[in-house]
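**Q** no FASTA, just this:
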């Protein structure tokens, strides 16, 4: 080893130390949103449209309205690759000025739920995360509106019953749940089991291991089982593989229903025409034909539709994060109404989210008319039990094929409260009082 | 000059057998430990502790564990992630069943269970060697991960299958759970690491370590001089798994706070193996250096562009990180195939002769 090399190594060491001493970036006077995204890795096909939705909505509001009541919005992305360990680093790096954190991974959400409460940063896991966080008395800092995995599963069972012509027709039907073998995928299982007892359908649970490229064994089982309906909780590459496998065994695609994370362009486009007829749940409309998309096209992309489409403009997951971003800014407005038109803190944001009420009129005003349902969050109810829409892929786009289907709140809510109480007991939490 | 041992006379056997026979080494390590215990908690912020130092300490312990098995006893293992999972899940089971039990004791118990599991999966090592053993231990990795995912008892039947670190106090100080401060968790992890590193260092210098190295270097010759392969190899598996088990428990309880089996997947096994290869097989210091390299450098690389004022797409940053990190691994392995530990040895030699190299 020459002296030159020694010096090089030494310099590298100094730079290394300096970078860490510098640490996270200092505070500024704008409303800051950290975004834990994943634009790389096996989950990138879903991660990219989701990340773009946030970015474009915030960007558009900045350009169109100059921010929220005069307060500029800023954001910073941090790449997690859907890896919980990287999620820790991202969260620690960005939490200092965070208004609200979107973990965008059920695994990372689980990890952050206890931490966020201590750091006083609200967590917004819209339609994912730990279902029990719908109980705001035990989880004051976590929100999973507009609706949860459990509510969704009950709505899908509702839909299947509608298709079959009544709840009594479910008896003896065979329903298989193909799920990603992770906390996320397992979420729907307890609800499906409870409902199976209630309505007498036969439930089979089939796990697919991360990342889900290898599913031959699962589909062999399905071929033997011949279920009447398949419900799927997939994420990332698993979804498109499953759709292809279903087509390969000529399973009737309109009896194959994905949950809302398993029914976006990422699942069906790679499968080609095999995916035609595949159905999926959603809580937001698809496509770019809503007023808000026109605003984004105008302000963010200067009318360049091709470029907007390249950035997933109008895709299912893109639209979903638009809804999430909008709901966040509405919560900021609620908080500003109480605390003044300035940059609000995480704790103030939590109050805003607790009192969030997005009415039909407000939705229309914001250009989301028809794309989503009104949403009301309360201190005790961090979910809102929003209804679910079933959409179907026709080879070119997702079309709604049902009305908004109500969830079985009478079944799901007691389960949520029970699960939340168990969590509270295990972690010595005293539930707060809600008036 | 700097590392000259001239004038340091050893007058007793104890002196001669000291861990660090040279005074400079002794002071250096003592200073490092002091800095780690006193200075770091005073100056480090939460980001430092939570994102950099705690994972470094935990992976160091796991790397020491694997190094005992692979570096000293010569048994290649890809089951590290699995053994870490045993430690983590057992800690969760024991501490939820007996909340009043001291959590540090629970770590030790879980480590012992991991050791037992290690012995079971170490049994084939008597018959199969080298790469074939690596494949056999791979079975441990997959089986254990599958088991903890499949059997709901291990995660107390909660619907999502994750385990969460409940709040636990030791002598009135919150050590685990969300209320435990990063500083406390850091100090606990550091104490455990120092304790176990010291134990490992002494272990490898004594009879047991020597018999491991004899087995590693030539098992037939070792047998002829009276070392029984079965107990020796199984002991290596047991102690290595114990270390990995404690590291796994620390990973959930002192760092992540909540996790699923994916946190202990095959990538973890590979990562720990890379740590000891890059750090130096058969070296405790190497384990620490390797762990530092694998855990800290990627974080440094991904943050470097933003901190020198270059802003780019996060995906691009991530790709650059992978490329540069890969290139660095290749570079270091070419420059010093025996790892950072050997690098340090060479540096010490040079410092000894400085300023008159020959």
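**A** Cool, the structure landed. This structure is a prediction, so every number in the text was calculated from the model and none was measured.
**Q** tell me who's in contact with residue 229.
**A** I'll assume chain A. Contacts for residue A:229 (Cβ atoms under 8 Å, 6 or more residues apart in numbering or on different chains) come out as A:160, A:173-176, A:255-257. Glycine gets a C-beta too; all of them are placed from N, C-alpha and C.
**Q** please go with chain B instead
**A** Residue B:229 touches B:126, B:215, B:219, B:222-223, counting by Cβ under 8 Å, 6+ apart.
**Q** quick check: residue A:205 touching residue A:185?
**A** No. At 9.8 Å, residue A:205 does not count as touching residue A:185 under the criterion of Cβ atoms under 8 Å.
**Q** residues that sit against both of those two, list them.
**A** Joint contacts of residue A:205 and residue A:185 (Cβ under 8 Å, 6+ apart) are residue A:179.
**Q** of those two, which one has the most company?
**A** residue A:185 (30 against 14; other Cβ atoms under 10 Å in any protein chain shown).
**Q** correct me, but that one touches residue A:179?
**A** Yes. Taking Cβ under 8 Å as the definition, residue A:185 is a contact partner of residue A:179 at 3.5 Å.
**Q** which neighbours do these two share?
**A** A:207-208, A:233-234.
**Q** in a markdown table: those residues, plus distance to residue B:117, neighbour count and pLDDT.
**A** Converted to a markdown table, the shared contacts of residue A:185 and residue A:179 look like this (distance: Cβ to Cβ, whole Å; neighbours: other Cβ atoms under 10 Å in any protein chain shown; pLDDT from 0 to 100):
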| residue | distance to residue B:117 | neighbour count | pLDDT |
| --- | --- | --- | --- |
| A:207 | 23 | 17 | 91 |
| A:208 | 26 | 24 | 92 |
| A:233 | 31 | 26 | 94 |
| A:234 | 32 | 27 | 92 |
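**Q** check contacts around residue B:140.
**A** Residues near residue B:140 by Cβ under 8 Å, 6+ apart: B:79, B:82-83, B:117, B:121.
**Q** go with 10 Å
**A** B:77-83, B:85-86, B:117-118, B:120-122, B:124, B:237, B:241, B:269 (Cβ atoms under 10 Å, 6 or more residues apart in numbering or on different chains).
**Q** so for stretch A:354-364, what gets flagged as buried?
**A** A:354-356, A:358, A:363 (16 or more other Cβ atoms under 10 Å in any protein chain shown).
**Q** and for that stretch, what's in contact with it?
**A** A:122, A:136, A:140, A:143, A:145-146, A:291-292, A:323, A:326-328, A:330-331, A:333-335, A:337-338, A:365-366, A:368-382, A:384, A:434.
**Q** okay, how far is it across it, tip to tip?
**A** 22 Å (Cα to Cα, to the nearest Å).
**Q** so what's the closest residue in space to residue A:82 that isn't next to it in sequence up against?
**A** Nearest non-adjacent residue to residue A:82, counting by Cβ to Cβ, 6 or more residues apart in numbering or on different chains: residue A:43, 4.1 Å away. Residues near residue A:43 by Cβ under 10 Å, 6+ apart: A:50, A:80-83, A:104-105, A:210-212, A:235-238, A:266.
**Q** could you measure from residue A:43 over to residue A:199?
**A** According to Cβ to Cβ, to the nearest Å, residue A:43 stands 33 Å off from residue A:199.
**Q** and residue A:373, by the same measure?
**A** Distance from residue A:373 to residue A:199, by Cβ to Cβ: 25 Å.
**Q** quick one: the strands in the chain?
**A** Defaulting to chain A. A:31-37, A:73-79, A:123-124, A:142-143, A:174-180, A:202-208, A:229-233, A:256-258, A:279-282, A:357-358, A:375-376, A:389-393, A:398-400 (DSSP state E).
**Q** chain B is the one I meant
**A** Going by DSSP E, chain B shows strands at B:163-164, B:168-170, B:173-176, B:258-259.
**Q** residue A:287 contacts residue A:293, correct?
**A** Yes. Contact criterion Cβ atoms under 10 Å: residue A:287 and residue A:293 qualify, at 8.2 Å.
**Q** identify the contacts common to those two.
**A** In contact with both residue A:287 and residue A:293: A:313-314, A:319, A:371, using Cβ under 10 Å, 6+ apart.
**Q** name the member of those that has the highest neighbour count.
**A** For the shared contacts of residue A:287 and residue A:293, the largest number of neighbours (other Cβ under 10 Å) sits with residue A:319, at 28 neighbours.
**Q** and the residue nearest to that one when sequence neighbours are not counted, what does it touch?
**A** If the residues on either side of it in the chain are set aside, residue A:319 comes closest to residue A:284, at 5.1 Å by Cβ to Cβ, 6+ apart. Residue A:284 makes contacts with A:126-127, A:146, A:260, A:290, A:316-324, A:368, A:371-373, A:386, A:389, A:391, as judged by Cβ under 10 Å, 6+ apart.
**Q** from chain B, how far out is residue A:284?
**A** 24 Å (Cβ to the nearest Cβ, to the nearest Å).
**Q** relative to chain B, which of the buried residues of stretch A:354-364 is nearest.
**A** residue A:354 (20.0 Å; Cβ to the nearest Cβ).
**Q** pull the number of nearby residues for the closest residue in space to residue B:302 that isn't next to it in sequence.
**A** Leaving aside its sequence neighbours, residue B:302 sits nearest to residue B:321 (Cβ to Cβ, 6+ apart; 4.8 Å). Residue B:321 has 21 neighbouring residues, counting by other Cβ under 10 Å.
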